[in-house]
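Colleague: fold the stuff below for me.
(2 chains)
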Amino acid sequence: MAELEVITLFLFSVIVYSIPLLYGTAGEIMIEKSGSLNLGVEGTMAIGAVTGYVVACRTNSLFVGVLVAFLAAAVVGAAFAFFTVTLQANQNVTGLTITTFGVAFYFFLGNGLSNSAGGWPMLGDTTLAAQFAGIEIPLLSKIPVIGKVLFSHNILVYLAVVIAVLMWLYFAKTVPGLKLRSIGENPGAADSLGINVTLYKYIHIMLGSGIMGIGGLYMGLNMGGTFEGSNCWINGYGWIAIALVIFANWSPARAIVGTVVFGLFNSLRVYNVAFATTFPGALGWLNKIPAHFFSALPFIITLIVLILSSMRKNSSSGEPAAIGRNYYREDR
Amino acid sequence: MGNAIELRGISKSFGSVAANKNINLTVEKGEILALLGENGSGKTTLMNMLSGIYMPDSGSIFVDGKKVSINSPEQSAKLGIGMVHQHFKLVERFTALENIRLGLKTGGKFLLGKDTRKYIEDTAAKFGFEIDSDKLVCNMSVSEKQTLEILKVICYGANIIILDEPTAVLTVQEIDKLFDVMRKMKQDGHSIIIITHKLNEVMEISDRVAVLRHGEYIGSVKTSGTNEKELTELMVGRRISLNIERPVMEKTHPLLEIRDLTVRNDEGAIAVDGMNFYIRGGEMLGVAGIAGSGQKELCEAIAGLRPIERGQMLHEGESIVGMSPKKILDHGISMSFIPEDRLGMGLAPSLSITDNMILKNYNEAKGIFVDRKAAREEAKEAIDKLEIVTPSTETPVRKLSGGNVQKVLLGREIKSGPNVLVTAYPVRGLDINSSYMIYDILNQQKQKGVGILFVGEDLDVMLALCDKIMVMCHGRLQGVVNSTNTTKEDIGLMMTGALNIVNKEGKTDGIAADSAFEDKKEDANG
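Modeller: Numbers count the residues shown, from 1 in each chain, chains lettered A, B, ... in the order given. Next comes the predicted model:
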């Protein structure tokens, strides 16, 4: 039975690791669908994470924490929209600035609090930790293996999947979703039909950023809320999320699959030893690979994915045609 | 019936250029009005004021007898005005239905309920549109896209429909279909304004014709009481005599010969269709035609910038088909192409005159370093010779005035000593003095024995400057005339496709008697 347990734990961990990517990817998909390329995912997640976590600990409420993480990240999104939509600044530069700023803000707040009288708030055994604990879905969680892997997670895991599915429905089945996609494809055409391009961009950039913020908070909580002066919780996940958008072909539904694949490689980093000892015959070789390789694996895979998806340039690509270009009405 | 639209005293200027001057125009209900005019006569500006893209500087607009001010496309749509632009405003990756759904105000928040589909498909059926509602726009032909654009404005409730050169991109069969749809729309009480240059189409489809010339309203005539000749005269006006020199040169052998040239444009449609022509040394050949008749594609094909579909291009007896632009340049064919935005092609705006000089002969330099000293000398020479007004050789060209920019461009092109010079719109946007300076430069080249292809817009200028004028319409050669014994009206008729003199008196225009082609004996007998 030990073998089955290791596999179950491994698959469970795959889901745990894939969820922050799902938040980041889904949020970025929403932004990119509006024709904006926001490279500030890492920074946006970091700001959502640190503000959401601190407020959640202070108020002892996960709900308030999620709300604050969402709002703080949405404010960052509003800044991105202000610079790129209103002031027509370069999207890449603005996005990179947000990443730099967001990560710096994370360390600024973290170090500041750690050195203050109250100290860095710890998750510990507070009721907050209980709110973040796994929720066993009745009946479904009783299914062997699958029940544990898919239906005994914390609330934020389910929320991520719900958000991705709702977003998919929004794009595919609603008129505002159609209008949003038209802006990403051809803002001139959308504008000529009386669609408020600026408003749509603002709303969706803020929504998308907010979703990323929740993902950041999830990462912080998942790591037990321990603040280290050297490592950011987000740890490059924001960048992987940007690559995953391409892998998912700009579809929130495919993003679920894509993030699970990445979660798999990420979990290998943690489970390679367990696998090697549990299945010495088949997987013993895993032990011989240096741990650093597993840490680097998600990024290596990202690279491969980017190369492969860049080669797949055809009409079935979901990439919004007007992505990365600011829209000037006078150009039409 | 009353007036659907009435314009009174509409004027619009861009900077110092008056695009529309005191225009009075009416469109009756259930009428097809053709709006006729040369390039730059202000047709599109006028229509853009109806569709809310521009606001008139003065004058008033009445829709259904009520005075309105149209200050946005949305408002124009609310008044029931729908414009189909030359450049389609469609989302390529959406289906036809999705494109129409995008702007529909009714039908709830959810996509494509049965009612929406039924409404769109019923409307299409009513007017005889043939459209596959689930086809992606990116898989559609140009004609299908246009059909979709028209269906779109009708679905949005437009009863005054403006079509900006709708037939320019269509085949004959597709034009017939479009006209059928237009007649059905008219029966249904819609008013249509169609902008077109083609007189035969005007005669076929319109009830009345309004003519603009140089931004002014010339008048309107009932189609049934006019003919193509009268319309051409209204459109081009009387010949004005200009004091442009035309030195007569001893013409030499054909330097550049084009035979049966067919070229496609960026959209994949045929832009140049089986053209024959040749240029001799010491000769300036004008190219006349409505904008977009294939002039750009023709120039690009000669310069090697655009692959050709079919045909032959001989330069001094040697084929230049398939050569790289640089090789063609080395051969002695130089192109100075002045696009609409002047700086777009040929010059790098932020670089200095010196650096722009280097751009063309960088390959003559030895080693990897730029020989700026020599280039500076060349720039100085050009500045002196062509009287370019500039603070220094190091001034970025974008800071120069239009005339001086053109001189820099021409100066660089003639410096390499070409024997064929292709120049398009070299005086576009220039004042009179600068224009004459450019004409002088071209004439000097001609006197040196260079063959010049001059793509121009102003017929008066071309009649005065060029030795011969070839007229293009829709990518086809309509004929080559000698500018001393032709009339502006004839050229006007050829430009609009009403007159074709390519095969007159057993002689084929565009094929030289002493052609370097081997098959000359069967082709030419002049």
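Colleague: contacts, neighbours, all on C-alpha from now
Modeller: OK.
Colleague: ramachandran coordinates for B:Met284?
Modeller: phi -110, psi 120 (degrees, to the nearest 10).
Colleague: that one contacts B:Gly456, correct?
Modeller: No - using Cα atoms under 8 Å, B:Met284 makes no contact with B:Gly456, being 11.8 Å away.
Colleague: higher neighbour count, those two?
Modeller: Set B:Met284 next to B:Gly456 and count neighbours by other Cα atoms under 10 Å in any protein chain shown: B:Met284 wins out with 28 against 21.
Colleague: do you know how far the more buried one is from A:Tyr170?
Modeller: 62 Å (Cα to Cα, to the nearest Å).
Colleague: do B:Leu255 as well
Modeller: Taking Cα to Cα, one finds B:Leu255 at 64 Å from A:Tyr170.
Colleague: what's the answer for B:Leu421, then?
Modeller: Counting by Cα to Cα - B:Leu421 and A:Tyr170 are separated by 58 Å.
Colleague: likewise B:His253?
Modeller: B:His253 sits 69 Å away from A:Tyr170, taking Cα to Cα as the criterion.
Colleague: now do B:Leu314
Modeller: 59 Å.
Colleague: ok, B:Val272 next?
Modeller: Taken as Cα to Cα, the span from B:Val272 to A:Tyr170 is 46 Å.
Colleague: assign a three-state SS to B:Met313, would you?
Modeller: Following DSSP: H, G, I helix; E, B strand; the rest coil, B:Met313 is assigned to strand.
Colleague: go on, B:Ile452?
Modeller: Strictly by three-state DSSP, B:Ile452 counts as strand.
Colleague: over to B:Ala464?
Modeller: helix.
Colleague: B:Val422 is in contact with B:Met335, isn't it?
Modeller: Yes - using Cα under 8 Å, B:Val422 is in contact with B:Met335, at 4.5 Å.
Colleague: could you chop chain B up by domain?
Modeller: B:3-236, B:242-332+B:418-526, B:345-415 (automatic domain parsing).
Colleague: kindly reformat those as TSV containing mean pLDDT and distance to chain A.
Modeller: Conversion of the domains of chain B to TSV gives the following (pLDDT from 0 to 100; distance: least, Cα to the nearest Cα, whole Å):
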stretch	mean pLDDT	distance to chain A
domain B:3-236	87	4
domain B:242-332+B:418-526	82	16
domain B:345-415	78	19
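Colleague: for A:His153, which of these is the nearest?
Modeller: Nearest of the domains of chain B to A:His153, taken as Cα to Cα: domain B:3-236 at 32.5 Å.
Colleague: and the longest helix for chain A?
Modeller: helix A:2-33 (DSSP state H).
Colleague: which other helices and strands contact whatever helix or strand comes next after that helix?
Modeller: Sequence order places helix A:41-59 as the next helix or strand after helix A:2-33, per DSSP states H and E. If you count contacts as 3 or more Cα pairs under 8 Å, 6 or more residues apart in numbering or on different chains; DSSP states H and E, helix A:41-59 packs onto helix A:2-33, helix A:62-81, helix A:91-115, helix A:197-222, helix A:237-247.
Colleague: helix, strand, or coil at B:Val272?
Modeller: Once three-state DSSP is applied, B:Val272 turns out strand.
Colleague: list the contacts of it.
Modeller: B:Leu261, B:Thr262, B:Val263, B:Arg264, B:Ser293, B:Gly294, B:Gln295, B:Glu297, B:Leu298, B:His474, B:Gly475, B:Arg476 (Cα atoms under 8 Å, 6 or more residues apart in numbering or on different chains).
Colleague: for B:Val405, give its distance to B:Lys21.
Modeller: 30 Å.
Colleague: so which of those two has more stuff around it?
Modeller: B:Val405 (23 against 20).
Colleague: for B:Arg310, grab the count of nearby residues.
Modeller: 15.
Colleague: how about it, phi and psi?
Modeller: Given degrees, to the nearest 10, the pair of backbone angles that B:Arg310 has is phi -160, psi 160.
Colleague: pretty sure it contacts B:Asp260?
Modeller: Yes - judged on Cα under 8 Å, B:Arg310 makes contact with B:Asp260 at a distance of 7.1 Å.
Colleague: tell me which element the residue of chain A positioned farthest from its centre is part of?
Modeller: Each residue of chain A has a distance to the centre, and by Cα atoms, centre = their mean the biggest one is for A:Gly281: 36.6 Å. Counting by DSSP H and E, the element that carries A:Gly281 is helix A:280-283.
Colleague: quick one: the helix or strand encompassing A:Phe293 to chain centroid distance?
Modeller: Applying DSSP H and E as the criterion places A:Phe293 in helix A:291-311. The chain centroid and the centroid of helix A:291-311 are separated by 17 Å, computed with Cα atoms, centre = their mean, to the nearest Å.
Colleague: send me that helix as CSV with only the CA atoms.
Modeller: The C-alpha coordinates for helix A:291-311 follow below in CSV (Å, rounded to 0.1, in the frame of the first residue of the first chain):
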residue,chain,number,x,y,z
ALA,A,291,18.2,18.1,-7.0
HIS,A,292,19.1,21.3,-8.8
PHE,A,293,18.0,19.7,-12.0
PHE,A,294,14.5,19.2,-10.6
SER,A,295,14.4,22.8,-9.4
ALA,A,296,15.4,23.9,-12.9
LEU,A,297,13.0,21.5,-14.6
PRO,A,298,9.9,23.8,-14.8
PHE,A,299,12.0,26.5,-16.4
ILE,A,300,13.6,24.1,-18.8
ILE,A,301,10.1,22.9,-19.8
THR,A,302,9.0,26.5,-20.2
LEU,A,303,11.8,27.1,-22.6
ILE,A,304,10.9,24.0,-24.6
VAL,A,305,7.2,24.9,-24.6
LEU,A,306,8.0,28.4,-25.9
ILE,A,307,10.2,27.1,-28.7
LEU,A,308,7.6,24.6,-29.7
SER,A,309,4.6,27.0,-29.6
SER,A,310,6.6,29.6,-31.5
MET,A,311,7.0,27.1,-34.3
